[in-house]
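In: sequence unknown, structure follows:
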């Protein structure tokens, strides 16, 4: 019976560890939060960058902003401990803003660099890099290819595009899904991002707690299994101590 109880406890613990591990892996990609917005509108997003390495820290993050359907206005928010630089590109076809201004150049690359080892993103941590985008283009999504550099020189390129109906690539690029004004914004096909439901003029976060819920459920099931095992063990022990006919064995 003791062996059965120990086996049950081990299985419960393995279940909890597996679910917690899955929750960590599922949120390990570079993502955009929120993951959806309204085409033609404005939005404040954040590139969420986790450090997957167990030994090195993230020291630089480079994000490419598409210029085939350019974003007229891109503004970065300062991040303590990080310097930021933007690269602009001359547009093949100038675009006009809602105010009637003609834009001939647009931001094509944003680069954040840690100013010291203390501000780098340590193993097991993440950092968000906020950006304000105005006059989003009339398209269904914006793919932001990202390059992550570690303190040991390792470079991870988050540049693979996700195809609907196909397995997710190992290094998917962050995606901001766009919907027409008045529609419900779709959830972008990214891993680990906090999905949102957006309507014209507003962006409302939806549930991003699935990994936490799974972890809690697994923990509760593990505790219930251990409790049931304890009850069964107690009954078996009492039965062994009380011999045939209710007499107590010595």
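Out: Happy to help now that I have it. Everything numeric in this text was worked out from a predicted model, so none of it was measured.
In: Where does residue 129 sit: helix, strand or coil?
Out: Three-state call for residue 129 (DSSP: H, G, I helix; E, B strand; the rest coil): strand.
In: my read: it touches residue 62, true?
Out: No: using C-beta atoms under 8 Å, residue 129 is not in contact with residue 62, being 10.7 Å away. Using the backbone N, CA and C atoms, a C-beta is placed for each residue, glycine as well.
In: Now residue 124: closest residue in space, sequence neighbours ignored.
Out: Distances taken as C-beta to C-beta, 6 or more residues apart in numbering put residue 51 closest to residue 124, at 6.9 Å, once the chain neighbours are dropped.
In: which residues in the protein form helices?
Out: Taking DSSP state H, the helices of the chain run over residues 2-26, 210-241.
In: list the buried ones in the longest strand seen in the chain?
Out: Taking DSSP state E as the criterion, the chain has its longest strand at strand 82-96. By 16 or more other C-beta atoms under 10 Å, the buried positions in strand 82-96 come out as 82, 91, 95.
In: Contact partners for the first one?
Out: Right, the one you point to is residue 82. 112, 113, 114, 115, 119, 127, 129 (C-beta atoms under 8 Å, 6 or more residues apart in numbering).
In: low pLDDT regions in the chain?
Out: 1-27, 182-250 (pLDDT under 70).
In: Flag every buried residue along stretch 50-62.
Out: 50, 51, 52, 53, 56, 57, 58, 59, 60, 61, 62.
In: do the same with stretch 119-129
Out: 119, 120, 121, 122, 126, 127, 129.
In: Against residue 82, how distant is the closest residue to residue 138 other than its chain neighbours?
Out: Sequence neighbours aside, residue 39 is the residue nearest to residue 138 in space, at 5.1 Å (criterion: C-beta to C-beta, 6+ apart). Here residue 39 is placed at a distance of 30 Å from residue 82 (C-beta to C-beta, to the nearest Å).
In: can you check residue 97 too?
Out: Relative to residue 82, residue 97 is positioned 29 Å away (C-beta to C-beta).
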